[in-house]
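J.: I would like to see how this sequence folds:
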Amino acid sequence: MPHLEQPRTPLTPQEVELAFEYLLAVQDPSEHAVSAIVDRTNAVPAPTYLLMRLAEDIIRPVTDVAADADLGADSFALDEVGGVLLATLEEWTRECVPSALWGIANTIIRFTENLLRQEGEDIVDTLKMMRAEHVAMAAAFHGAHR
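T.: Residues are numbered from 1 along each chain as shown. Next up, the predicted model:
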């Protein structure tokens, strides 16, 4: 069953950039450092909050039942799997804050690697491409709503 949640304001372009910086720091620590990002930004808003919002933005479009979908049991199962995954990440964020940053980031990375990355494409390149797309969507939303 499609989620009946209240619409939320999308992340700002700056928040999207920061969330992807966290992802890249977890995926490729040789090039990025999570502690440096947290220190530089003073973690405001909290990294787990940004990553949860980004997880929603990445996972929901892939798992939600599309309005024009040919509905079947598989459609609803995938929708429920997406909902359970996000609910689990939210619970982890509430119950175990220190490891939640790493857990959410690694979940987004694995989800992207297994479902969204093109064959032969490097995951870091995929994340950077997704960052550009999500920043553009956030800029379009926030530019249109000023």
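J.: Chain neighbours aside, what residue packs nearest to I109?
T.: What sits nearest to I109 in space, not counting adjacent residues and going by Cβ to Cβ, 6 or more residues apart in numbering, is Q27, at 5.2 Å. (C-beta placed from N, C-alpha, C; glycine too.)
J.: residues in contact with the one you found?
T.: 105, 109, 123-124, 127 (Cβ atoms under 8 Å, 6 or more residues apart in numbering).
J.: taking those one by one, which sit in strands?
T.: Applying DSSP state E to the contacts of Q27, no entry is found in strands.
J.: Let me know the closest of these to R117.
T.: I123 (5.9 Å; Cβ to Cβ).
J.: Leaving out chain neighbours, which residue sits closest to that closest one?
T.: Using Cβ to Cβ, 6+ apart, the nearest residue to I123 is E113, at 5.0 Å.
J.: Just to check, the one you found is in contact with D125?
T.: No - the pair E113 and D125 fails to qualify as a contact (Cβ atoms under 8 Å) at a distance of 11.5 Å.
J.: Those two: who's more crowded?
T.: Between E113 and D125, E113 has the larger neighbour count (other Cβ atoms under 10 Å), namely 15 against 11.
J.: State the pLDDT value of H145.
T.: Looking at H145, its pLDDT is 63.
J.: can you check H3 too?
T.: We note a pLDDT of 47 for H3 in this prediction.
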